[in-house]
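>>> okay, sequence plus prediction incoming.
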Amino acid sequence: MIKVLFVCLGNICRSPMAEAVMRDLVKKRGLDDKIEVDSAGTSSWHIGEAPHYGTRNILKKYGISTDGIKARQLQKQDFEEFDYIVGMDESNIRNIRTMLNQPNHPKIFRFLDLTTHKKDVPDPYYTGNFQETYDLVIDGCEALLDKILEDIKE
């Protein structure tokens, strides 16, 4: 089983959005038995909370479920458990590497580095633009799924 962990600051906007989108893509491609997806935050501010209403609303608009998604904080054991640890922005990457004591491991990378966007996923908690974040998350999840499928072949 391949395990993917998306990480943002509070685990209520970007990373749960990526978790839900990736779960949806995995299910639609019939890969539920091969790929497991989760999300976490580097902060403890929202532990146990459902995704932000803006995240829930944009996902609902596209028919993507957030059932069962609750905020949690990144833990040291996540490094051992997950094959891909994907930070939504450069600040998240720095925090992940520090929290997991892994300054250079290749399984930790910035989400949009797999796309042509080559930038951070803006936090809609601050920007209010959940559509922009969703559009970037779709591109990033498709690119990540392609990478995972390519990695599986090797």
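Done, it's in. Numbering: from 1, shown residues only.

>>> where does the prediction get shaky in the chain?
Along the chain, segments meeting pLDDT under 70 span 154.

>>> and the helices in this protein, which stretches?
Counting by DSSP state H, one finds helices in the chain at the ranges 14-28, 53-61, 78-81, 90-99, 124-127, 130-153.

>>> list the buried ones in the second one?
Going by neighbour count (16 or more other C-beta atoms under 10 Å), the buried part of helix 53-61 is 54-56, 58-59. From N, CA and C alone the C-beta is placed, and that goes for glycine too.

>>> export these to TSV and tack on distance to residue 153?
Below are the buried residues of helix 53-61 laid out as TSV (distance: C-beta to C-beta, whole Å):
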residue	distance to residue 153
54	37
55	33
56	35
58	33
59	30
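
>>> can you tell me the closest non-neighbouring residue to residue 23?
Sequence neighbours aside, residue 37 is the residue nearest to residue 23 in space, at 5.0 Å (criterion: C-beta to C-beta, 6 or more residues apart in numbering).

>>> could you tell me how many residues sit around the one you found?
25 (other C-beta atoms under 10 Å).

>>> before we move on, back to that, pick the most deeply packed of the helices of the chain.
helix 14-28 (a mean of 24; mean count of other C-beta atoms under 10 Å).

>>> next one: that one to chain centre, how far?
Distance of helix 14-28 from the chain centroid (C-alpha atoms, centre = their mean, to the nearest Å) equals 8 Å.

>>> who's in contact with that helix?
4, 6-8, 32, 34-35, 37-41, 51-52, 55, 58-59, 64-66, 69, 71, 86, 88, 111, 121, 123-124, 130, 133-134, 137-138, 140-142, 144-145 (C-beta atoms under 8 Å, 6 or more residues apart in numbering).

>>> ok, now with 7 Å
By C-beta atoms under 7 Å, 6 or more residues apart in numbering, the surrounding residues in contact with helix 14-28 are 4, 6-8, 32, 35, 37-41, 51, 55, 59, 64-66, 69, 88, 111, 121, 123, 133-134, 137-138, 140-142, 145.

>>> relative to helix 53-61, how tilted is it?
Going by axes from the mean of the first three to the mean of the last three C-alpha atoms, to 10 degrees, helix 14-28 is angled at 20 degrees with respect to helix 53-61.

>>> for the closest residue to residue 108 other than its chain neighbours, what are its contacts?
In space, and not counting its chain neighbours, residue 108 is closest to residue 85: 4.6 Å by C-beta to C-beta, 6+ apart. Under the criterion of C-beta under 7 Å, 6+ apart, the neighbours of residue 85 are 5, 7, 78, 96, 107-108.
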